[in-house]
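# Quick one, structure for this:
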Amino acid sequence: YFKVIDDFLFFKLPEVLSNFIINDINENLDTRINSTINAGIVKMIIDVSDLEEVGEEAVEVIGEFAEKIEELKLPMRAAIVAVGEEAEMWNNLDGAEEWGICKNMDEAKEFLARDPEEDEEE
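Model (predicted):
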């Protein structure tokens, strides 16, 4: 679910979230966040575009992730790859208000490449 690509952490949710997958992600979340920060990576892309449906489980997994980063007061920037009518709702999660909502990986990379100060001026 997690891998480092270039200078960012890539976290992709699978099409279907079983209890096993959710538990596996949650158990490895702290370790993955810490190792990413220790490697000097402060950008991440979360891809939820393959989800068959955006259910409560997916929202909870991403919400946990966002809250952990916020609690640790990490200087991470994030973009989420989401499609469909509900894409914008990801910004409603605690800790994810500033995340970029992008339609694909290239758009997410562009969002993270921009200076965060530019975003504030818009």
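# ok, now which ones touch the most centrally placed residue in the chain?
For the chain, the residue nearest the mean C-alpha position is Ile46 (3.3 Å; CA atoms, centre = their mean). Residues counted as contacts of Ile46 (CB atoms under 8 Å, 6 or more residues apart in numbering) are Phe11, Lys12, Leu13, Ile62, Phe65, Ala78, Ala79, Ile80, Val81, Trp99. (C-beta placed from N, C-alpha, C; glycine too.)
# which residue packs closest to the last one, ignoring adjacent ones?
Looking back up the chat, that one is Trp99. Ala78 (4.5 Å; CB to CB, 6 or more residues apart in numbering).
# Distance-wise, check Asn38 relative to Leu74.
12 Å (CB to CB, to the nearest Å).
# out of those two, which sits in the busier spot?
Using other CB atoms under 10 Å, the more surrounded residue of Asn38 and Leu74 is Leu74, with 15 against 8.
# tell me the SS of the more buried one?
Using DSSP: H, G, I helix; E, B strand; the rest coil, the structure places Leu74 in coil.
# need the contact list for it.
Counting by CB under 8 Å, 6+ apart, Leu74 has contacts Ile33, Ile37, Val42.
# Quick one: which of those residues is the most crowded by neighbours?
Ile33 (19 neighbours).
# separation between that residue and Asp6?
Distance from Ile33 to Asp6, by CB to CB: 18 Å.
# still on that earlier bit, now the phi/psi pair for the residue nearest to the centre of the chain, please.
phi -110, psi 120 (degrees, to the nearest 10).
# and it, bridged to which residues?
For Ile46, the residues forming beta bridges with it (DSSP bridges) are Phe11, Ile80.
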